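>>> Give me the fold of what follows.
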Amino acid sequence: MTTSNARHAADPTAADPDGPDAAEQQRRETELVERVLAAFADTPDPRLREVLASLITHLHGFIRDVRLTEAEWSAAVGFLTATGHITTDKRQEFILLSDVLGASMQTVAVNSPARGTATEATVFGPFFVDGAPLIAAGGDIAQGAKGIPCHVSGRVIDTAGAPIAGARLEVWEADADGFYDVQYAEGPTTGRAHLFSAADGSYDFWAVQPSSYPIPADGPVGALLGATGRHPYRPAHLHFMVTAPGYRTLVTHIFVPGSEYLDSDAVFGVKDSLVVPFTDHEPGEAFGRVLDQPWSSATFEIVLAPETRGEQP
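Numbering: from 1, shown residues only. Modelled structure (predicted):
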């Protein structure tokens, strides 16, 4: 028996000179965090400096907390690389990643403080496209998209109940098969448009009855959901983005009651206040149309919060 082994046999609490030195390991890890923070300490922009300091602290804290292995770090880099490779001007995999981790909804929550009766916000999603066509009141955003006709109407008002005239409403949705127009290889713009509220704040348009659908699951985000036993589905919904001078921009949805996945939305976007009644109707005349098939309707009052000067976003 060597002297060292003899000593440990006599005193099992003695430090092993060839084993891990916890105190030294702690010192090295802490010193590295301090050096990295110091490297960014002179960042001229104060907000960037604040964000980076918090990011570095939490990132290093996460690595140390889970004792991240080099193989796991390499896998994470590969995952992010694949996420970048699959992202195009029509598919934003990083937004999907943010969505399924709940980061998108947490950012919405931080940036949309509760304001009385103001309509609640929810996720933006990866399928908004600038330049959607303008339609008049009562127009059709579907433009040939597959689905049951659905008439949507309401008012845009402020938190005091006064109408907001000229508010711009961007509206977009998936078709009955669960696909947005940009998910098709070729084809016209369908299921999206913009319109403006009237003098009394009213608006109305035709769409198709929203359907539930899976978020794109053939890439890294889908693999992540599969590895964690989660499904990729979103409940049936219709997107809105509403803007008006002097008011906070609102990004929100309306959800169909009874839709599957309301309690397990893959992107955590459902809020009870955004589940609104959809009424089924028989064929016949409706809002300037004569329909030879069943249709539905929904009413959604949109309440915008005032924009506050100097407000922390």
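>>> unless I'm mixing things up, residue 255 is touching residue 239, no?
No. Between residue 255 and residue 239 there is no contact under CB atoms under 8 Å: 10.9 Å. Quick note: C-beta positions are derived from backbone N, CA and C, even for glycine.
>>> Quick check: residue 145 is in a helix.
No. With DSSP: H, G, I helix; E, B strand; the rest coil as the criterion, residue 145 is coil rather than part of a helix.
>>> follow-up on the earlier one: among residue 255 and residue 239, which residue is more densely surrounded?
A count of neighbours by other CB atoms under 10 Å puts residue 255 above the other of residue 255 and residue 239, at 26 against 23.
>>> Quick check: phi and psi at the more buried one.
phi -110, psi 150 (degrees, to the nearest 10).
>>> With residue 183 instead?
According to degrees, to the nearest 10, residue 183 has phi -90, psi -10.
>>> Buried residues, stretch 116-130. List them.
Residues of stretch 116-130 classed as buried: 118, 119, 120, 121, 122, 123, 124, 125, 126, 127, 128 (neighbour count, 16 or more other CB atoms under 10 Å).
>>> Report the distance from that stretch to the chain centre.
8 Å (CA atoms, centre = their mean, to the nearest Å).
>>> cool, stretch 80-97 as well?
On CA atoms, centre = their mean, the centre of stretch 80-97 falls 14 Å from that of its chain.
>>> Let me see the contact set for residue 162.
residue 201 (CB atoms under 8 Å, 6 or more residues apart in numbering).
>>> ignore the last one, residue 303
Shown in contact with residue 303 (CB under 8 Å, 6+ apart): 117, 118, 119, 157, 158, 159.
>>> about what we covered before: let me know the closest of the buried residues of stretch 116-130 to residue 27.
residue 123 (42.8 Å; CB to CB).
>>> Make sure the closest one is actually in contact with residue 106.
No. Residue 123 lies out of contact with residue 106 (CB under 8 Å); the separation is 10.4 Å.
>>> Longest strand in the chain, please.
Counting residues, the longest strand found in the chain (DSSP state E) is strand 149-158.
>>> what's downstream of that strand, the next helix or strand?
Toward the C-terminal end, the helix or strand that comes next after strand 149-158 (DSSP states H and E) is strand 168-172.
>>> list the helices and strands that next one packs on?
Counting contacts by 3 or more CB pairs under 8 Å, 6 or more residues apart in numbering; DSSP states H and E, strand 168-172 is packed against strand 192-196, strand 202-208, strand 237-243.
>>> How about the backbone phi and psi for residue 62?
According to degrees, to the nearest 10, residue 62 has phi -60, psi -50.
>>> same thing with the one 3 residues further on?
Geometry field for residue 65 lists phi and psi as phi -60, psi -50, criterion degrees, to the nearest 10.
>>> Show me the helices in this protein, by range?
Counting by DSSP state H, the chain has helices at residues 3-10, 22-39, 46-66, 70-86, 93-100, 103-111, 220-227.
>>> List of residues touching the last one?
By that I understand helix 220-227. 79, 82-83, 86, 93, 96-97, 100, 215-217, 231-232, 266.
>>> Now tell me which of the residues you listed the prediction trusts least.
Among those, residue 216 carries the lowest pLDDT, at 90.
>>> Looks like it contacts residue 96 (just checking).
Yes. Counting by CB under 8 Å, residue 216 does reach residue 96; the two are 6.6 Å apart.
>>> Please say which of the two ends up with more neighbours.
residue 96 (28 against 18).
>>> Let me know how buried the residue lying closest to the more buried one once chain neighbours are set aside is, in neighbour terms.
Of all residues not flanking residue 96 in the chain, residue 221 sits nearest, at 4.5 Å (CB to CB, 6 or more residues apart in numbering). Using other CB under 10 Å, residue 221 has 26 other residues around it.
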